[in-house]
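> Got a sequence here, can you model it:
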Amino acid sequence: MKNFVIIILFFLSTTIQSQILNQRERAAAIDMVLKDRFDNLLPQLMDRTGFDMWILISREYNEDPVLKTMLPSTWLNARRRTILVFYRDKAKNTIEKLAVARYNVGKNIDSAWDKDEQPDQWKALIDIISKRDPKKIGINYSKDFGILDGIVKTDYDELMNALPEEYKSRISSAEKLSIAWVETRTQQEMEIYKELVKITHDIIDEAFSTSVIQPGTTTTDDVVWWLRQKVTDMGLKTWFHPTVDIQRSGEALQSHIVSFSDRPKDKVIRPGDLIHCDFGITYLRLNTDCQQHAYILKNGEISPPEFLTKAFADGNKVQDIFTSNFKTGKTGNEILLKSLEQAKAEGLKPSIYTHPLGVFGHSAGPTIGMWDAQGGVPGTGDYPLYENTVYAIELNTTITLPEWKKDIRIMLEEAGFWGTSGFKYVNDRQTELITIPKRK
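Numbers count the residues shown, from 1 in each chain. Here you go, the predicted model:
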């Protein structure tokens, strides 16, 4: 824990460029977090979901997405066929972390296969199962959650062919356990997450400034590629290609999808424009996802027009309504429908499409709407809200602007945490328009 505190203090005391850890420091942080998750979190999750054994099977370059989150920092892929076995003995309060593989999987998972003694890897796995006699065995397959559907047909068939009949009936989908592993954030991870979101905000703040945007010259694609290059130069990655789009007087509001996939390229940014970005980064195995707005000041303006300020406040109002309806045990669909009903009753025109966020950008957990499924999402939307989870609070509201003789859309997205004390943003949210140039 001492080393982890040192890493966090390093984060807090440095600038955006210098606060990025080098590769050795990143590896230490990743492995420290992973050890804490294996030793302290995983036993709780196995008890909660009722599994006393969890088996994950992958082959090199075709990894189960969940298994890949368990690999140590120095393993970029599985090796040969890697089989991980977690056995929880609740009565003894122990958890075994075993690999039916030729190698230890880092310092957390010990190799439990001596190929000289037992040449057949599947028989070695069956020996482990038989000696422990688990009552409920989970493997990773799922109809609704793609990243939890990790066991391929070949490995499933091989496992079932090798498994004695008495254990076949004990096999079931580890969907709930896999979701819990993927969605639950530890205290250590949340300390990192705060700084990760701050880095994301700082990059956007620089992108939405005169150091990057020269009104009348700079295009939306210029800003997009600046974002990509900035992240690369910092030694980080984006988990999706950023977007930057424009809303302005005299141009009709486009469909929602235009902002994300069909937006015009190389559109020149001009004074009086309302610009918007969608941007996220990956660092220390966590992801951010953020949408913010900026206004390009006209000559003589020192702040955005009041009608745009009020429009932006409506976006914040939808956020407040939405997050006030978070409640442990409520499903994504229940939260969605109640929030939409409440926002509409207050005269707003909302659309909510929030997703879990963490070790994956579009992660596992309750889906709370999709932009094209505002009546609810079968399957993933029926999953309940649990504590210690993070979400991309993603939504928009449509506002009619008489001044522009058109509708605009305020599109917002910020990382939010749901815990024992309720909801909070991981590292604040945008509450006023950024201006270009910055307000003095």
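> the domain parsing of this structure - what is it?
2-181, 185-436 (automatic domain parsing).
> what separates K405 from P305, distance-wise?
Separation of K405 from P305 (Cβ to Cβ, to the nearest Å): 14 Å. The way it works is simple: take the backbone N, C-alpha and C, and place the C-beta from them, glycine included.
> Those two: which is more packed in?
P305 (17 against 10; other Cβ atoms under 10 Å).
> Let me see the contact set for the nearest residue to that one once chain neighbours are set aside.
Counting by Cβ to Cβ, 6 or more residues apart in numbering, P305 lies nearest to E403, which is 6.9 Å off, once chain neighbours are set aside. Neighbouring residues of E403 by Cβ atoms under 8 Å, 6 or more residues apart in numbering: S249, P305, F307.
> Let me have the residues you listed in JSON lines, adding distance to N427 and secondary structure as columns.
Listed next are those as JSON lines, based on distance: Cβ to Cβ, whole Å; DSSP: H, G, I helix; E, B strand; the rest coil:
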{"residue": "S249", "distance to N427": "33", "secondary structure": "coil"}
{"residue": "P305", "distance to N427": "29", "secondary structure": "coil"}
{"residue": "F307", "distance to N427": "29", "secondary structure": "helix"}
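> Please identify the helix or strand for I83.
Assigned by DSSP states H and E, I83 belongs to strand 81-89.
> quick one on the thing from earlier: mean pLDDT added to the domains of the chain, as TSV?
Below are the domains of the chain laid out as TSV (pLDDT from 0 to 100):
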stretch	mean pLDDT
domain 2-181	89
domain 185-436	95
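> Comparing these, which comes out most buried?
domain 185-436 (a mean of 18; mean count of other Cβ atoms under 10 Å).
> what's the distance between it and the middle of its chain?
Chain-centre distance of domain 185-436: 14 Å, with Cα atoms, centre = their mean, to the nearest Å.
> R26 against S73, yeah?
Yes: counting by Cβ atoms under 8 Å, S73 is a contact partner of R26 at 7.0 Å.
> Identify all contacting residues around stretch 283-291.
Counting by Cβ under 8 Å, 6+ apart, 20-21, 26, 29-30, 33, 69, 189, 192-193, 196-197, 199-201, 204, 236-237, 239, 276-281, 355, 357-361, 363, 392, 394, 411-415 sit against stretch 283-291.
> The residues you listed in helices, which ones?
If you go by DSSP state H, those have 26, 29-30, 33, 189, 192-193, 196-197, 199-201, 204 in helices.
> thinking again about what came up before, partners of the strand holding I83 in the sheet?
strand 53-59 (antiparallel), strand 94-100 (antiparallel) (DSSP bridges).
> Would you mind putting the ones you listed into CSV with distance to T210 alongside?
Formatted as CSV, the strands paired with strand 81-89 follow (distance: least, Cβ to Cβ, whole Å):
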stretch, distance to T210
strand 53-59, 49
strand 94-100, 53
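> just the helices in the chain please.
Under DSSP H, the chain gives helices at 2-12, 23-36, 42-49, 65-68, 121-132, 153-162, 165-168, 175-183, 187-207, 220-233, 306-324, 332-345.
> Take those helices and write them to TSV, including distance to T398.
Output for these, formatted as TSV (distance: least, Cβ to Cβ, whole Å):
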stretch	distance to T398
helix 2-12	38
helix 23-36	40
helix 42-49	40
helix 65-68	35
helix 121-132	55
helix 153-162	45
helix 165-168	53
helix 175-183	31
helix 187-207	23
helix 220-233	21
helix 306-324	9
helix 332-345	11
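> Those helices: which one's closest to V105?
helix 65-68 (9.6 Å; Cβ to Cβ).
> Pull the distance from the closest one to the chain's centre.
Taking mean C-alpha positions (Cα atoms, centre = their mean), helix 65-68 and its chain are 14 Å apart.
> So which elements touch that helix?
strand 53-59, helix 175-183 (3 or more Cβ pairs under 8 Å, 6 or more residues apart in numbering; DSSP states H and E).
> 10 Å instead?
Identification of packing neighbours for helix 65-68 by 3 or more Cβ pairs under 10 Å, 6 or more residues apart in numbering; DSSP states H and E yields strand 53-59, strand 81-89, helix 175-183.
> among those, which is nearest K107?
Using Cβ to Cβ, these put strand 81-89 closest to K107, at 14.3 Å.
> okay, that closest one in PDB with CA atoms only?
The C-alpha coordinates for strand 81-89 follow below in PDB (Å, rounded to 0.1, in the frame of the first residue of the first chain):
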ATOM      1  CA  ARG A  81      -3.500 -22.500 -24.200                       C
ATOM      2  CA  THR A  82      -3.800 -20.700 -20.800                       C
ATOM      3  CA  ILE A  83      -6.400 -22.100 -18.400                       C
ATOM      4  CA  LEU A  84      -7.000 -20.200 -15.200                       C
ATOM      5  CA  VAL A  85      -8.800 -21.800 -12.200                       C
ATOM      6  CA  PHE A  86     -10.100 -19.900  -9.200                       C
ATOM      7  CA  TYR A  87     -11.300 -22.000  -6.300                       C
ATOM      8  CA  ARG A  88     -13.100 -20.400  -3.300                       C
ATOM      9  CA  ASP A  89     -13.400 -22.300   0.000                       C
END
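> Now do the contacts for the closest residue to G376 other than its chain neighbours.
Closest residue to G376 apart from its sequence neighbours, by Cβ to Cβ, 6+ apart: N333 at 3.8 Å. Shown in contact with N333 (Cβ atoms under 10 Å, 6 or more residues apart in numbering): 366-369, 373, 375-383.
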